[in-house]
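Asker: no sequence on this one, just coordinates:
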């Protein structure tokens, strides 16, 4: 099992460009999440999907859109990238109802720089 | 408004000694608390969790303590090993349809030989 995979690993964009970050999980989890990690801020939830066909805003959704393509895949789109979106982006998944440890499983991250 | 806080950005501990990482929270509705460990250029990995109905959970060298009245939790690592050097994130969980995690800022733990 690969767990949670993310593509690309690195990306450099110019202000105003668009891109989609891809995430897939092979653990048959119902819920999927997108976080961003910034220095001194921890991880902050951007969007989440409780189950296939549903998506909801998290703490910092502005400037992003998401698509839950199917149970395995959850993509994050930046329509018009801004320097403030320079960050490391993590995708995660979890069981619903939660498993015994209530844990989320994280991908390796995408490091995005917006110039 | 930071609901989960880790007030120590870094901690340095001698190999073999105890490492104690602290975390405070403000929302009494949180029902689960988790610790994640993160190495550079990798995603966070789950370490240990505790339900809000318990005050202690142990897993090998790792123990998490929860003090609900003080809204405080701590992670104890005994004995500390060089491989424990990483950034540790405290997270609090709300189950509302999906599980929403609120993370602290992280503490960088360095274990010195």
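Answerer: The structure has been received and is ready for your questions. The structure presented is a predicted model; accordingly, all values stated were derived computationally and were not measured.
Asker: what sits up against whichever strand or helix holds residue A:91?
Answerer: For residue A:91, the element it lies in under DSSP states H and E is strand A:87-94. The set of residues that contact strand A:87-94 without belonging to it, under C-beta atoms under 8 Å, 6 or more residues apart in numbering or on different chains, is A:4, A:6, A:21, A:23, A:25, A:27, A:29-38, A:43, A:46, A:74, A:76, A:102-107, A:109-112, B:43-44, B:98-99. Where C-beta positions appear, they are placed from N, C-alpha and C, glycine not excepted.
Asker: Filter those residues down to the buried ones and hand me the PyMOL line.
Answerer: Selecting the buried subset of the contacts of strand A:87-94 in PyMOL, with 16 or more other C-beta atoms under 10 Å in any protein chain shown as the burial test, is done by:
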select buried, (chain A and resi 4+6+21+23+25+29+30+31+32+33+34+35+36+37+43+46+74+76+102+103+104+105+106+107+109+110+111+112) or (chain B and resi 43+44+98+99)
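Asker: ok, now which ones touch residue 38?
Answerer: Chain wasn't specified; assuming chain A. The contact partners of residue A:38, taken as C-beta under 8 Å, 6+ apart, are A:44, A:87-88.
Asker: Wait, chain B was what I had in mind.
Answerer: B:44-45, B:86-89, B:106.
Asker: next one: residue A:75
Answerer: Residues in contact with residue A:75, defined by C-beta under 8 Å, 6+ apart, are A:20-23, A:66-67, A:69.
Asker: and of those, the nearest to chain B?
Answerer: Among the contacts of residue A:75, residue A:23 lies closest to chain B (C-beta to the nearest C-beta), at 11.0 Å.
Asker: can you give me the strands for the chain?
Answerer: Defaulting to chain A. According to DSSP state E, chain A carries its strands in the segments A:4-7, A:10-13, A:19-25, A:31-38, A:42-49, A:56-57, A:64-68, A:74-78, A:87-94, A:105-106, A:110-114.
Asker: Actually, chain B is the one I wanted.
Answerer: Taking DSSP E as the criterion, chain B contains strands spanning B:4-5, B:10-14, B:19-25, B:32-38, B:45-51, B:56-59, B:62-67, B:72-77, B:86-96, B:98-103, B:107-112.
Asker: just checking, residue A:65 touches residue A:74?
Answerer: No. Applying C-beta atoms under 8 Å, one finds residue A:65 not in contact with residue A:74, separated by 11.7 Å.
Asker: What is the helix or strand of chain B with the lowest mean pLDDT packed up against?
Answerer: Every helix and strand in chain B was compared by mean pLDDT, DSSP states H and E; the lowest is strand B:98-103, with a mean of 86. Taking 3 or more C-beta pairs under 8 Å, 6 or more residues apart in numbering or on different chains; DSSP states H and E as contact, the helices and strands that strand B:98-103 lies on are strand A:31-38, strand A:42-49, strand B:86-96.
Asker: ok now the second one, how far from the chain's centre?
Answerer: Relative to the mean C-alpha coordinate of its chain, strand A:42-49 is positioned 7 Å out (C-alpha atoms, centre = their mean, to the nearest Å).
Asker: Quick check: neighbours of it in the sheet, parallel or antiparallel?
Answerer: Using DSSP bridges, the strands paired with strand A:42-49 in its sheet are strand A:31-38 (antiparallel), strand A:56-57 (antiparallel).
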